[in-house]
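Peer 1: need the 3D shape of this:
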Amino acid sequence: MEIIVFEKEAYFKMLADVTKFVRQIVKEENQQNQETSVDWITAEKAKQLLNVKSKTKMQQLRDEGKILFSKYGRKILYSQDSIQRFLNKHKVKTL
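Peer 2: Okay, the predicted model is just below:
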């Protein structure tokens, strides 16, 4: 076993540096979580984004798991992020 000896000042400086580093990592993680948080939108807004006219088509997309949704009672909200991913997945590239 090896023993490492620090001067008191060096120990507290290292402790402060580690604390600062951990706080920075936590701050960055919190910012990343906020940026990727789900924004829930109404059915009408979702239908506009998808250019869908019928409730049946929205039901089909939900049933097939193509877009994320949340339901409380009769209220259905859709994940704007999942709709954007769905649209990006189905985009058509032309020459």
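Peer 1: so Lys66, which of the three states?
Peer 2: coil (DSSP: H, G, I helix; E, B strand; the rest coil).
Peer 1: let me fix that: Lys93
Peer 2: From three-state DSSP, the assignment for Lys93 is coil.
Peer 1: list the residues that contact it.
Peer 2: Counting by C-beta atoms under 8 Å, 6 or more residues apart in numbering, Lys93 touches no other residue. For the C-beta atoms, the positions are set from N, CA and C on the backbone; glycine is no exception.
Peer 1: give the buried residues for the lengthiest helix in the chain.
Peer 2: Identified as the longest helix of the chain according to DSSP state H is helix 8-35. The neighbour-count check on helix 8-35 (16 or more other C-beta atoms under 10 Å) flags nothing as buried.
Peer 1: ok, Leu68 to Tyr78 distance?
Peer 2: Here Leu68 is placed at a distance of 7 Å from Tyr78 (C-beta to C-beta, to the nearest Å).
Peer 1: and what of Asp17?
Peer 2: 45 Å.
Peer 1: name the residues of the helix or strand containing Arg62 that are buried.
Peer 2: Assessed by DSSP states H and E, Arg62 sits inside helix 55-63. For helix 55-63, the buried set under the neighbour-count rule, 16+ other C-beta under 10 Å, comprises 58, 61.
Peer 1: related to what we said a few turns ago, compare neighbour counts for Leu68 and Tyr78 and give me the winner.
Peer 2: Neighbours per residue, other C-beta atoms under 10 Å: of Leu68 and Tyr78, the larger number sits with Tyr78, 25 against 17.
Peer 1: for that one, give me its contacts.
Peer 2: Tyr78 neighbours (C-beta under 8 Å, 6+ apart): 40-43, 45-46, 67-70.
Peer 1: just those: which are in helices?
Peer 2: Within those, residues falling in helices by DSSP H are 43, 45-46.
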